[in-house]
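> Using only what follows, build the 3D model:
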Amino acid sequence: MDLLTYEEKVVMEMLIQGYNAQEVISWLAIDYQEYKKIKLRLMHKLQVKRIIQLLPFAIKLYKN
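You can find the predicted model right below:
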């Protein structure tokens, strides 16, 4: 999990909790293009294609 940036971790946590893109954008005070870049990097680093596949990674993050 050390490979994730702060923004990537926040996006992952918020998506797992059911927040939509607009809520994530508002929370991080970024624009939509930046959100898409962060989400794409996150999904690529963790090698997942669907948001639900992030759940095991989020659980590991909270255990540490």
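> Below-threshold pLDDT in the chain: ranges please.
1-2, 64 (pLDDT under 70).
> Now Glu7. Nearest residue, chain neighbours left out?
With Cβ to Cβ, 6 or more residues apart in numbering as the criterion, Glu7 has its nearest non-adjacent residue at 5.1 Å, and that residue is Ile38. Heads up, the C-betas are built off the backbone N, CA and C, glycines and all.
> Go ahead and report the secondary structure state at that neighbour.
helix (DSSP: H, G, I helix; E, B strand; the rest coil).
> now the one 4 residues further on
Classification of Leu42 by three-state DSSP places it in helix.
> Distance check, it against Arg50.
12 Å (Cβ to Cβ, to the nearest Å).
> Tell me where this protein has helices.
Applying DSSP state H to the chain gives helices spanning 6-16, 21-28, 32-46, 55-63.
> show me what contacts Ile16?
51, 54-55, 58 (Cβ atoms under 8 Å, 6 or more residues apart in numbering).
> Just among the residues you listed, which is most surrounded?
Most neighbours among these, by other Cβ atoms under 10 Å: Leu54, with 19 neighbours.
> between Leu42 and Arg50, which one's more packed in?
Leu42 (22 against 7).
> List the contacts of the residue lying closest to that one once chain neighbours are set aside.
Excluding the flanking residues, the one nearest Leu42 by Cβ to Cβ, 6+ apart is Glu8, at 4.4 Å. For Glu8, the contact set (Cβ under 8 Å, 6+ apart) comprises 38, 41-42, 45.
> Also Glu23?
Met14.
> got it, and Tyr19?
Here Tyr19 is in contact with Trp27 (criterion: Cβ under 8 Å, 6+ apart).
> So it versus Gln47, what's the distance?
Taken as Cβ to Cβ, the span from Tyr19 to Gln47 is 22 Å.
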